[in-house]
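S.K.: I need the structure of the sequence given here:
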Amino acid sequence: MAVSLQNIFYQKDVIQSLGTIAFNGLLHRDKKSFPEVHTQGAYKTRTIQPLNERLVAEYISHVGGKKGNYKNTIPFHFFPHWLVPVLSDTMAEIPFSMLKIINGGCSVKINQPLHFGEKLLVKARLENIDVGDTRVIIKQKAITETNTKPNALVVEQTTIIPLAKNGNKKSTKKKDSDDKTIPVAVTEIGSFYAVANAGWEFALLTGDVNPLHWLQPYANASGFKRPILHGYSSFARTMEQLNRNLFSGDTSTLQAVEVKFVAPFYLPGEARVFIDNTGQFYAGNVPGGIAYLKGSYTTK
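M.R.: Model prediction:
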């Protein structure tokens, strides 16, 4: 099913937040020293109007899910659509360039399902900032609830900001390669294919319009041979393979998920989804090869 261009009208808050991040990145890109940023302070809050059902239906189809499996509930992995603005609010005073931020992954606790027709009350704050020689790692916590469902969805987000490389830093290439490898002893449960314009379609559905995911010249300028799939798109597609092929279509099975994005998924492309017997999952091409993402899950 083609994604409607009209969905862009539902993304005003997300696009505005990403624009603010990009502008702040320009302001800070040449700075050599930075003031201290306080963490674990007061939560930033926003109220999200009830989500459009057609938008959510198109999103479910786009990531390989079945609308009938969700009945009146909203996929938990659609959270980037409503959390990006409040997460961006927490980063307003971070004195680092955001022009090349990398999505490191997240952990999600699904305490209660979210339903259509309810306003979403969201809040977020900075949890920790770790400044290293070559990167900054930012940890954020975001909570989604409704008037009747406190702490319905709890997301802890990891964002990485690359810094100028330090020539004296020891190589970690071997360790990094090991971290990205799919184990040999895994079982394939499904696969998904992302078309060349999957990045643009995901942008229309969630508001994440970063051109790295849909504009060839921008991807090349950023060091990639082609546009790459959004991390949260590959995550959602992987979750739908679990729902369909492991949980028999029961979208309420998952209780908690943790995912790490470890390698770029070039568009167009295909990924196979693997699991082991300890609750680990991977998306990549072959056992023993490089994973695009890896993570773990627990069920109710």
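S.K.: and T144, that's in a helix?
M.R.: No. Under DSSP: H, G, I helix; E, B strand; the rest coil, T144 sits outside any helix and is assigned strand.
S.K.: just list the residues touching it, thanks.
M.R.: F79, W82, L83, L114, L120, L121, V122, A152, L153, V154, V155 (Cβ atoms under 8 Å, 6 or more residues apart in numbering). For the C-beta atoms, the positions are set from N, CA and C on the backbone; glycine is no exception.
S.K.: do you know how far it is from P211?
M.R.: Look at T144 and P211: by Cβ to Cβ, to the nearest Å, they are 28 Å apart.
S.K.: from start to finish, how long is stretch 265-276 in a straight line?
M.R.: The stretch stretch 265-276 measures 22 Å between its terminal residues, going by Cα to Cα, to the nearest Å.
S.K.: tell me which residues in that stretch are buried?
M.R.: F265, Y266, L267, G269, A271, R272, V273, F274, I275 (16 or more other Cβ atoms under 10 Å).
S.K.: so which residues of the stretch 101-250 of the chain form helices?
M.R.: Taking DSSP state H, counting those that start in this stretch, the helices of the stretch 101-250 of the chain run over residues 173-179, 198-206, 216-221, 231-245.
S.K.: and the shortest one, what's buried?
M.R.: Counting neighbours by 16+ other Cβ under 10 Å, one finds that the buried residues in helix 216-221 are A219.
S.K.: point out where the chain drops to low pLDDT.
M.R.: 1, 21-38, 165-178 (pLDDT under 70).
S.K.: on that earlier part again, just the contacts of T144: which are in strands?
M.R.: Among these, DSSP state E puts L120, L121, V122, L153, V154, V155 in strands.
S.K.: in this protein, which residue is closest to the centre?
M.R.: Among the residues of the chain, Y232 comes closest to the average C-alpha position under Cα atoms, centre = their mean, at 3.3 Å.
S.K.: ok now do that one, which residues does it touch?
M.R.: Y232 is in contact with H77, P80, N103, F202, T206, D208, counting by Cβ under 8 Å, 6+ apart.
S.K.: now tabulate those residues in TSV and tack on neighbour count and distance to I60.
M.R.: Putting those into TSV (neighbours: other Cβ atoms under 10 Å; distance: Cβ to Cβ, whole Å) gives the following:
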residue	neighbour count	distance to I60
H77	26	10
P80	24	14
N103	19	21
F202	27	13
T206	25	13
D208	23	17
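S.K.: ok, these vs H62, which is closest?
M.R.: F202 (6.9 Å; Cβ to Cβ).
S.K.: tell me how far the closest one lies from N151.
M.R.: Taking Cβ to Cβ, one finds F202 at 27 Å from N151.
S.K.: L18 too?
M.R.: For L18, the distance to N151 - Cβ to Cβ - is 27 Å.
S.K.: again with T73
M.R.: Taking Cβ to Cβ, one finds T73 at 17 Å from N151.
S.K.: with S97 instead?
M.R.: Distance, S97 to N151, by Cβ to Cβ: 33 Å.
S.K.: the two: which is more packed in?
M.R.: S97 (21 against 11; other Cβ atoms under 10 Å).
S.K.: assign the more buried one to helix, strand or coil.
M.R.: Looking at S97 with three-state DSSP, the answer is coil.
S.K.: so it is in contact with A164, correct?
M.R.: No. Using Cβ atoms under 8 Å, S97 is not in contact with A164, being 10.5 Å away.
S.K.: if we can go back for a sec, would you turn the contacts of Y232 into TSV with distance to M239?
M.R.: Converted to TSV, the contacts of Y232 look like this (distance: Cβ to Cβ, whole Å):
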residue	distance to M239
H77	5
P80	13
N103	16
F202	14
T206	15
D208	17
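S.K.: what is the nearest of those residues to L55?
M.R.: L55 lies nearest to T206 out of these, by Cβ to Cβ, at 9.5 Å.
S.K.: that closest one is in contact with Y59, isn't it?
M.R.: Yes. At 7.4 Å, T206 and Y59 qualify as touching, with contact defined as Cβ under 8 Å.
S.K.: between these two, which contacts overlap?
M.R.: Both T206 and Y59 are in contact with F78, H81, where contact means Cβ under 8 Å, 6+ apart.
S.K.: tell me where this protein has strands.
M.R.: All strands of the chain, identified by DSSP E, fall at 44-48, 102-110, 120-131, 135-145, 153-162, 187-194, 254-261, 269-275, 280-284, 291-299.
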